[in-house]
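# Would you be able to build a 3D model of this:
(chains A and B)
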Amino acid sequence: MSRAGRFAPLILLVLLLAGLVWRLATPADTNVSSKLEGKAVPAFTLPPALPSKLALASADLATGKPRIVNVFASWCVPCITEVHVLQDLRSKGVTIDGIAVRDTPEDLADFLARNGDPYERIGSDAQSRVQIALGSSGVPESFVIDGRGIIRYQHIGPIAASDVPMILWKVEQAR
Amino acid sequence: MRLLLILFGLIVAQPLLADSNLPPAYWANRQLPDVRQEAKAEGLMEELRCLVCQGQSIADSDAELAGDMRDLVRRRIAAGEKPAAVRAWLVQRYGSWISYKPTAEPATWPLWLAPVALLAIGGLLIRRRIRTRAQG
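Here you go, the predicted structure:
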């Protein structure tokens, strides 16, 4: 066997180890993004999540003005911090609708009383059906939807205070 | 002592509540009355990836979202939809990531070709070895 050939297994091992170390140091992105960006919101109708709130249907999203649809839940911890950022967005003129996933009216009313209510409409998605139809894989997630009901942007995870300018820009783009 | 207390605290700590208070969806953990439909649904559920416990199929996962997806699959199969159509509906939303069934996209060509290539390399190695042995 040639000299170079003798070292081939060692080189392969080093390459393998280097690959493993690299992936450990920079883990792959485990977010699953929706493939519906750029497409119309799938048709749905949800019952109101609270007797005092308006229900949400896909027809309510194509009103000629961009809106944000926030997929959230009262049992979701990051949603508590996010809801304050949503209040801020609302005060800056953004219309926000909510899809409450697997929620009860009592828990939701308590959540909104405690943390504030930035939502114009809230639909109740008891079996995550609309969440799945939107290609969303968890809470919280937000979708920027333009006036014709086309999904322009999907935000995975909570919208942080530092994301506000970017979100406002996305909403402006959807105008 | 303090360290021990902290360790004990870690052992008895409750995981963060990340589940809702609602019961599982109706068809999440219930078989369809029609055996053939259930077999179809089961086959599909084993090939769909859970969005929460990535690496498990929705048939294996205890995540709530996996339960809701099983409910969705069983409902659609019971309504007469073909498993391929349900899979396509989900792929439209989550990409081919959601399906464990390998596709023939260009990105997977190396995977399909790898066994053939490895067999060919193995064959070459054996041939060389037999030759050198015959000469020696």
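# hey, let's count contacts and neighbours off CA atoms from now on
Fine.
# Is stretch A:29-45 positioned near chain B?
Yes - Stretch A:29-45 is in contact with chain B by C-alpha under 8 Å from any C-alpha of the partner chain, via A:32-36.
# dump the residue contacts of the closest residue to A:Asp146 other than its chain neighbours.
Closest residue to A:Asp146 apart from its sequence neighbours, by C-alpha to C-alpha, 6 or more residues apart in numbering or on different chains: A:Pro66 at 4.1 Å. Contacts for A:Pro66 were tallied using C-alpha atoms under 8 Å, 6 or more residues apart in numbering or on different chains; they are A:94-95, A:144-147, A:171, A:174-175.
# among those residues, which are in helices?
A:Val171 (DSSP state H).
# Quick one, which of the contacts of A:Pro66 are buried?
Buried by 16 or more other C-alpha atoms under 10 Å in any protein chain shown: A:94-95, A:144-146, A:171, A:174, out of the contacts of A:Pro66.
# Among those residues, find the lowest-pLDDT one for me.
The pLDDT minimum for these sits at A:Ala174, where the score is 90.
# Format the contacts of A:Pro66 as a markdown table; extra columns: distance to B:Gly55.
Output for the contacts of A:Pro66, formatted as a markdown table (distance: C-alpha to C-alpha, whole Å):
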| residue | distance to B:Gly55 |
| --- | --- |
| A:Val94 | 38 |
| A:Thr95 | 37 |
| A:Val144 | 29 |
| A:Ile145 | 31 |
| A:Asp146 | 34 |
| A:Gly147 | 38 |
| A:Val171 | 35 |
| A:Ala174 | 35 |
| A:Arg175 | 39 |
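# what's residue 46 in contact with, if anything?
Just so you know, I chose chain A. Going by C-alpha under 8 Å, 6+ apart, the list of residues near A:Leu46 reads A:55-57, A:123-125.
# my question was about chain B
Per C-alpha under 8 Å, 6+ apart, neighbours of B:Glu46: B:57-60.
# if I look at the residue in chain A positioned nearest to chain B, how far off is B:Ile6?
Going by C-alpha to the nearest C-alpha, chain B is nearest to A:Gly135 of chain A, at 4.6 Å. As judged by C-alpha to C-alpha, to the nearest Å, A:Gly135 and B:Ile6 stand 41 Å apart.
# neighbour-wise, which of these two wins?
A:Gly135 (21 against 10; other C-alpha atoms under 10 Å in any protein chain shown).
# is it true that the more buried one touches B:Tyr94?
Yes - using C-alpha atoms under 8 Å, A:Gly135 is in contact with B:Tyr94, at 5.5 Å.
# where do the contact lists of the two overlap?
With C-alpha under 8 Å, 6+ apart as the test, A:Gly135 and B:Tyr94 both reach A:33-35.
# neighbour-wise, which of those residues leads?
That'd be A:Ser34 among the shared contacts of A:Gly135 and B:Tyr94, by other C-alpha under 10 Å, with 23 neighbours.
# Pull the contacting residues for that one.
A:134-136, A:154, B:93-95.
# What ranges in chain B fall below the confidence cut-off?
Where chain B drops to pLDDT under 70, the residues are B:8-18, B:136.
# Name the residues of it found near chain A, please.
Going by C-alpha under 8 Å from any C-alpha, the residues of chain B near chain A are B:17-22, B:25, B:51-52, B:65, B:68-69, B:72, B:90, B:92-95.
# Go again with 10 Å.
B:16-26, B:28, B:50-52, B:54, B:64-69, B:71-72, B:89-98 (C-alpha under 10 Å from any C-alpha of the partner chain).
# list the helices and strands the helix or strand harbouring A:Trp169 packs on?
Per DSSP states H and E, A:Trp169 falls inside helix A:164-173. Contacts defined by 3 or more C-alpha pairs under 10 Å, 6 or more residues apart in numbering or on different chains; DSSP states H and E place helix A:164-173 against strand A:67-72, helix A:77-91, strand A:141-145, strand A:151-156.
# at 8 Å what do you get?
helix A:77-91, strand A:141-145 (3 or more C-alpha pairs under 8 Å, 6 or more residues apart in numbering or on different chains; DSSP states H and E).
# Wait, A:Lys39 touches A:Gln154, no?
No - when contacts are counted by C-alpha under 8 Å, A:Lys39 is not listed as touching A:Gln154 (11.6 Å).
# Quick one: the strands in chain B, in order.
For chain B, applying DSSP state E gives no strands.
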